[in-house]
Every structure is written in C-alpha cells, then in structure tokens.
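A.B. asks: Sequence first, predicted coordinates after that:
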Amino acid sequence: MFTRDTITVMKAFRVLLIPLLFITACQSQQVNNNDDAKEPSVIEVKSLTDNYKNSPEHLSPVIKPTAVIAQNNRNSEFETALHEPESRVFIKVRTHDKKVVVPVTYKSSRKLISKQIPGINWIEQRVDKRTILNIHFENDLITYANTDRYFTNGIRFDLQAAWLAGSSLQKLMIPYRHKSFVIYNLSMVQNMYTPTDTRMAPELKNDRPYASLLYFGFRKSASDPLREIKISSELNVGYMGPYSLGSSLQTIVHKTFPTNNEPLGWETQINTDVIVNYNVQVQKALLNRANLTLLAGLDAEAGTLFTNAGAGLQAQIGKADPVFGLVENQQWPEFEYYFFAKTDISFVAYNALLQGGMFNHDNVFTLKQNEIRRIVGNAEAGIHFRYKGIGMEIAQHFISPEYKGGLWHKWGRMSLIFRL
C-alpha cells in the first residue's frame, strides 16, 4: 500500500502536470499552425517591393521570403511575411517606422549586416539553433559547512531551444530592435525554505517561515555583439504553498538519510498563493577579451513573488563561448573551461517568501514589513567546464541576512549540461 507521503506527492504531481500539459499543447498547436500556414496575399505592391523582388543580393542565404513587402495605405504600416525553412518559423511583422526585425536560425555564423531594402531598415536577429538542457541542483549540503536552514534546496530544469522563438510568449518579452544574437529558454523551478533549525517546532517569531514554490518560466536574452550589451527578460508563472511539494520532498529526503532529523513545522508554511513575476536584466561589457570578460548590470523584478531592483558585476576568466554570440564566421568552441564570479546588491520592496503571498493572507506566521532588510547582498563563484555536448558547473553562493536578526547563509550549486 502507498504511504501517506507517497500519496501526497502523487497528488501534487497531478497538479504539476496540468500547466506542463498546457504548455506542451500550446507548443504543438504552434508547430501545427506553422506547418499549415499559407502565403499571405499582398495588399498592394509598391516600387520598394519590386526593388526587393528583383535584388537577389539582398536575400539572406538562410531565410527566404514567401511574400513580398506591401504597404497598407490606410495606416501606413508595412507588413512582411517570411518563412525560415529549417525551423519552420512563420514570421509576420508590422511596423510604422519601416524597421523590420527578423529572427532567423543558422548553421554557421555570418557577419551581421543590415539588408539594404529601399525604404526598409532590415534588422536580423539570429536565434541560437542549439538545443541545450541544463539541470541545476542547489542545496546547503553542497558546501563546506552544512547549515540546513533558510534556502535549503532547489532544483531547476532549463531548456534552451530555437523552436521557442515561435511561441506566443515571446511577444511578452522586451523587444530589442537592433542586430543581435537571441536565446530562448523554458524553465521549471522548485525551491524550499526553512527556519533556522528544523529539528525543533518553530517559535513563530524572529525567524524565517517555512515556504516552498513551484513555477514555470519563459526567458529571452538578446546579445548585441556590436554594442556589447545583453538584455534579458523573463516571465515566471506558478504557485507557492503546500502543493509545491516542499514539505513532502524534504520529509522524504530526511527520512532516507539517517543522519538527518525529520523536519518539524511544515504545517506552518506560507499558504497557497499565485506567482506571476516579470524580471528584466541589462548587462554592459566593461572589458571583453578572448579569455577575460567583465560585465556590469542592472536588474529589476516585479510581481507577486519578488519586487526589487539591483546592480552588480560579473567576471569570467578562461576559454568560453562568446559572451555576445557568434560573429565574423566564428564557431562554438568544442571544449570550454572557465572560472566565474558575480556579485550584486538588491534593494528589496517585497518578498512573498518572508511576508506571505499577495492575495492569500491566511498564514500561521509571516514577517512584518519592518522586519525585512531592504538591502541584501548576493555573491557566487565557481568553475565551468564542457567538452562537446556534455558539461558541468559547480558554484558556491553567499547571501547576507534577509531579515532583521537573520544570519548570513551559503549553499552550493551543481549544474549538469547536455547538448541535445
């Protein structure tokens, strides 16, 4: 017979499968729509269209037009419909300023050059064609001193794929209307948080509440190799509370390893609430050499999980993929290895994992506004190595106290990288 913990996990996984199946169905529908897409009719062909059709030197060797560019006299908009054969992405762009942004995939790098179409500023954005799966494990056991408190465990699945460029979610990402190298990611994250000592029932004061979360994320990163700027935007949607598996997973793990005590107090965790968060990051290269990169960045988060803003630095030393994508007929290195370090200061306005969810206020214990530390520091350092399609990354993370009376905390991260 199944145990109570097993039944709880099975029920939670049933809840988890609902958004996962929804995402899969959406993507399948998107591919089917692309396969069945027909060439759109031309509204009215102008002289610029004739010039475009009769100028083969303006055509990309990768992307081919399935319809000419036409002008709609009613609103002075320009429309272009393009089809990229390999990725089967059907692109339809309207613009008032005669600037057409075209995402394309590619097999080999070519120089980023704007197409010279009379009356149209053609902007090419290259989508990374590689499919890469990253699996991240984070735990305070993966460190030089086991603490088993605060952020205690996390797992993240991160899929990079070119077909995500055809998702309707990409319309919610921040546009970058310059030549750039673009990466799309789909992620699933599960994290859990505990008080200072899980061996005793929580005192429900001067400590962190139990909390756990589960969410899906969609991310776009646009890297401009000419301006050496990287702009990333991400939408995260999910939920926090008992159905995010925190209590069941930690209890099972602690029962499995005899050196761990069963955690006490998960019944006081922050209650179920919705997660909708939007994150933005802008990074600029201060130094960009073959084996040395230094980036400065600004970031902001807003939503029902976190609302904050920050600034930081990131350094990377060693042989690695070009930070801003491939240009000038470069190739991805077969072997990469580097050391990295990053740090940032965040100005915190709201943290649902400490203060409770935004909509459900029925919680046993949360921290008050005046108990939250408004300035929090983060730092991470580690090593990365990859050979061909398989790699690993190991890092140590540090964070300053997040609430008054809290302690400094640290945990380790191990990431596995697979080229699919």
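C.D. replies: Nice, thanks for sending it over. Residues are numbered from 1 along each chain as shown.

A.B. asks: Helix or strand with the lowest mean pLDDT in this protein?
C.D. replies: Lowest mean confidence among the helices and strands of the chain (mean pLDDT, DSSP states H and E): helix 47-53, at a mean of 33.

A.B. asks: The helix or strand where residue 252 lies: which residues count as buried?
C.D. replies: When elements are assigned from DSSP states H and E, residue 252 belongs to helix 246-256. Within helix 246-256, the residues scored as buried using 16 or more other CB atoms under 10 Å are 246-252, 254. (C-beta placed from N, C-alpha, C; glycine too.)

A.B. asks: of all the residues you listed, which comes closest to residue 270?
C.D. replies: residue 246 (9.8 Å; CB to CB).

A.B. asks: For that closest one, give its distance to residue 272.
C.D. replies: Using CB to CB, to the nearest Å, residue 246 is found at 12 Å from residue 272.

A.B. asks: Can you give the contact residues for stretch 190-197?
C.D. replies: With CB atoms under 8 Å, 6 or more residues apart in numbering as the test, stretch 190-197 has contacts from 138, 148-156, 202, 207-214, 244-246, 249-250, 263, 265, 353, 407.

A.B. asks: could you flag which of those residues are buried?
C.D. replies: Judged by 16+ other CB under 10 Å, buried ones among the contacts of stretch 190-197: 138, 148-154, 156, 202, 207-214, 244-246, 249-250, 263, 265, 353.

A.B. asks: follow-up on the earlier one: pLDDT (mean, whole number) over the helix holding residue 252?
C.D. replies: Computed over helix 246-256, the mean pLDDT rounds to 83.

A.B. asks: so where is the stretch 201-350 of the chain shaky, pLDDT-wise?
C.D. replies: Residues of the stretch 201-350 of the chain meeting the criterion pLDDT under 70: 257-259, 327-330.

A.B. asks: could you pull out the strands for it?
C.D. replies: 211-224, 229-240, 273-288, 292-303, 306-319, 335-351 (DSSP state E, counting those that start in this stretch).

A.B. asks: In the sheet, which strands lie alongside the longest one, parallel or antiparallel?
C.D. replies: The partner list of strand 335-351 in its sheet, established with DSSP bridges, is strand 306-319 (antiparallel), strand 375-387 (antiparallel).

A.B. asks: Number of residues surrounding residue 375?
C.D. replies: Close neighbours of residue 375, defined as other CB atoms under 10 Å, add up to 11.

A.B. asks: Kindly report the same for residue 222.
C.D. replies: There are 24 residues near residue 222, going by other CB under 10 Å.

A.B. asks: who are the neighbours in contact with it?
C.D. replies: Per CB under 8 Å, 6+ apart, neighbours of residue 222: 125, 176, 180-182, 230-232.

A.B. asks: since we're on residue 140, how many residues are nearby?
C.D. replies: 20.

A.B. asks: Over to residue 350?
C.D. replies: Taking other CB under 10 Å as the criterion, the count of residues near residue 350 is 17.

A.B. asks: Walk me through the domains of the chain.
C.D. replies: Using automatic domain parsing, the domain parsing of the chain gives 37-124, 129-419.

A.B. asks: Please identify the deepest-packed of these.
C.D. replies: domain 129-419 (a mean of 17; mean count of other CB atoms under 10 Å).

A.B. asks: what about that domain, how long is it end to end?
C.D. replies: One end of domain 129-419 sits 11 Å from the other (CA to CA, to the nearest Å).

A.B. asks: Then stretch 344-362?
C.D. replies: In stretch 344-362, first residue to last residue: 33 Å (CA to CA).

A.B. asks: and if you look at stretch 392-412?
C.D. replies: Using CA to CA, one end of stretch 392-412 lies 13 Å from the other.

A.B. asks: can you check stretch 163-173 too?
C.D. replies: Taking CA to CA as the measure, stretch 163-173 stretches 15 Å from start to finish.

A.B. asks: So for it, mean pLDDT?
C.D. replies: 91.

A.B. asks: Nearest to residue 369, out of the strands of the stretch 201-350 of the chain?
C.D. replies: Going by CB to CB, the one of these nearest residue 369 is strand 335-351, 9.0 Å.

A.B. asks: Which residues are in contact with the nearest residue to residue 285 once chain neighbours are set aside?
C.D. replies: Spatial nearest neighbour of residue 285, chain neighbours left out: residue 228 (3.8 Å); criterion: CB to CB, 6 or more residues apart in numbering. When contacts are counted by CB under 8 Å, 6+ apart, residue 228 touches 284-285, 288, 324.

A.B. asks: out of those, who's nearest residue 373?
C.D. replies: Using CB to CB, residue 284 comes nearest to residue 373 of those, at 28.0 Å.

A.B. asks: Report the beta-bridge partners for the closest one.
C.D. replies: According to DSSP bridges, beta-bridge pairing links residue 284 with residue 229, residue 296.
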